[in-house]
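>>> sequence first, then the predicted structure, then my questions.
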Number of protein chains: 2
Amino acid sequence: MKKQKLKPSSMLNPVPVVMVSCKDGDRENILAIAWAGTVNSDPPMISISVRKERYSYDIIKKSGVFAVNTVSAKLAETADFCGVRSGRDIDKFAEKNIEKFYGETGVPMVAESPLTLECKVKEVIELGSHDMFIAEITNVYVDEKIIDKDGKIDFKKAELVAYCHGEYFKLGRREGFFGFSVASEEVLKRRMNKK
Amino acid sequence: MKKQKLKPSSMLNPVPVVMVSCKDGDRENILAIAWAGTVNSDPPMISISVRKERYSYDIIKKSGVFAVNTVSAKLAETADFCGVRSGRDIDKFAEKNIEKFYGETGVPMVAESPLTLECKVKEVIELGSHDMFIAEITNVYVDEKIIDKDGKIDFKKAELVAYCHGEYFKLGRREGFFGFSVASEEVLKRRMNKK
């Protein structure tokens, strides 16, 4: 295998793409973020990185709360719009007819999002171009449409998208499940044929 | 839309899944990590979260370096194996015939990985179950097979996988590109038909 060495850049792919909604006083906004990730299991924590220049930066810094709304293929166009337009200029919720719902923090959340995480900021770390907000997940809201008859979340129904090098992709073929590399033939047969 | 409220958990999906390789003295190891993400653009930085109990935790803590190897569909089984087996018990590189290459840090990297990020730890933050290693990306290595004739990376050729709720998925249909929600018809036509 021949390798080309490139200059350092943010080349991790794929990454999540989410709509982060926020509120401070009567200012509500929503923006798209790809620099986001799970950072801790117990307690469940997430990080999002936001440029200081963004309209939402101050809102989140002041309020200490935000929500992470996952993006289905149907929402990809809305998410993209939330990434390229600023809340300084327009009300993105109104512009894109985004239906809202509210939870404990008072932050507006996206009703059409398959799964939304309500979060409280624990720490803000300055890294350079971005500040990283490390937050605890305080509530999880799931659209009933992606819950199957056994009460389990069926993410296939969510049709989530990932972000890869500037493009949005729906998840495609399932390649395996956690532990499939060491699973028995019986388990493999059952679990790989099931879906 | 009806919502179910669930107890807080690490429900962000999809997330990246990567193989993190490391070395301290003569101990080399490789593990799979899904709690990883880009956290800063300039300088380019990444975070990975690792449980203290994991064999690689001490290695990365002591050496201050690691590499993030992206996972193609072909590597999903290898990545899964690196996630369920411990370097305390076996040499995963040998067990899975993982061809290595080396860069500036001396950390072994996965030759078959489409794209590898060599990283230097800047900060370690204790969060609970996991410690978060925030690291600067110091080098990027790309397999020449995913570079097109114009010298650009063609991620379609990489066939990367994402991790969603315990399962590995290849990226599927392209839903759009950054800015497509506000692009002119001409641009949409050109860019959406191109691939």
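Perfect, thanks for sending it.
>>> which strands or helices does the longest strand along chain A pack on?
As assigned by DSSP state E, the longest strand anywhere in chain A is strand A:130-143. If you count contacts as 3 or more C-beta pairs under 8 Å, 6 or more residues apart in numbering or on different chains; DSSP states H and E, strand A:130-143 packs onto strand A:45-51, helix A:55-63, strand A:115-126, strand B:3-6, strand B:36-40. For the C-beta atoms, the positions are set from N, CA and C on the backbone; glycine is no exception.
>>> which of those sits closest to residue B:59?
strand B:36-40 (16.6 Å; C-beta to C-beta).
>>> burial of residue A:22, as a residue count?
Neighbour count of residue A:22, defined by other C-beta atoms under 10 Å in any protein chain shown: 28.
>>> can you confirm it is in a helix?
No. Residue A:22: not assigned to a helix; according to DSSP: H, G, I helix; E, B strand; the rest coil it is strand.
>>> name all residues that make contact with it.
For residue A:22, the contact set (C-beta atoms under 8 Å, 6 or more residues apart in numbering or on different chains) comprises A:28, A:29, A:30, A:56, A:59, A:60, A:63, A:65, A:66, A:67, A:107.
>>> correct me if wrong: residue A:12 contacts residue B:117.
Yes. Using C-beta atoms under 8 Å, residue A:12 is in contact with residue B:117, at 6.5 Å.
>>> now do the nearest residue to residue A:64 once chain neighbours are set aside against chain B, distance only.
Leaving aside its chain neighbours, residue A:64 sits nearest to residue A:121 (4.5 Å; criterion: C-beta to C-beta, 6 or more residues apart in numbering or on different chains). Shown here: residue A:121 relative to chain B, a distance of 13 Å by C-beta to the nearest C-beta, to the nearest Å.
>>> swap in residue A:118?
Residue A:118 is 9 Å from chain B, by C-beta to the nearest C-beta.
>>> what about that residue, neighbour count?
Neighbours around residue A:118, by other C-beta under 10 Å: 25.
>>> and what of the one 3 residues further on?
Residues contacting residue A:121 under the criterion other C-beta under 10 Å number 16.
>>> residue A:152 too?
Around residue A:152 there are 10 residues (other C-beta under 10 Å).
>>> one more: residue A:164?
The burial count for residue A:164: 22, using other C-beta under 10 Å.
>>> also residue A:41?
16.
>>> which residues touch it?
Residue A:41 sits in contact with B:10, B:35, B:128, B:129, B:130, where contact means C-beta under 8 Å, 6+ apart.
>>> find the nearest non-adjacent residue to the second one, please.
In this case it means residue B:35. Nearest one to residue B:35, counting by C-beta to C-beta, 6+ apart, is residue B:49 at 3.8 Å.
>>> and if you look at the fourth one?
Here the nearest residue to residue B:129 in space, its sequence neighbours aside, is residue A:42; by C-beta to C-beta, 6+ apart that works out to 4.1 Å.
>>> how close does that neighbour sit to residue A:115?
Separation of residue A:42 from residue A:115 (C-beta to C-beta, to the nearest Å): 19 Å.
>>> show me what contacts residue A:46?
By C-beta under 8 Å, 6+ apart, the neighbours of residue A:46 are A:36, A:37, A:38, A:39, A:68, A:117, A:119, A:134, A:135, A:137, B:10, B:12.
>>> run through the bridge partners of it.
residue A:38, residue A:135 (DSSP bridges).
>>> now it: how far from residue B:151?
Per C-beta to C-beta, residue A:46 is found 36 Å from residue B:151.
>>> over to residue A:152?
For residue A:152, the distance to residue B:151 - C-beta to C-beta - is 46 Å.
>>> ok, residue A:73 next?
Counting by C-beta to C-beta - residue A:73 and residue B:151 are separated by 31 Å.
>>> so what sits against both of residue A:12 and residue B:117?
B:46, B:68.
>>> just for chain A, where's the confidence low?
Flagging of chain A using pLDDT under 70 yields the residue ranges A:194-195.
>>> at 80 instead, please
Scanning chain A with the threshold set as pLDDT under 80 gives A:1, A:193-195.
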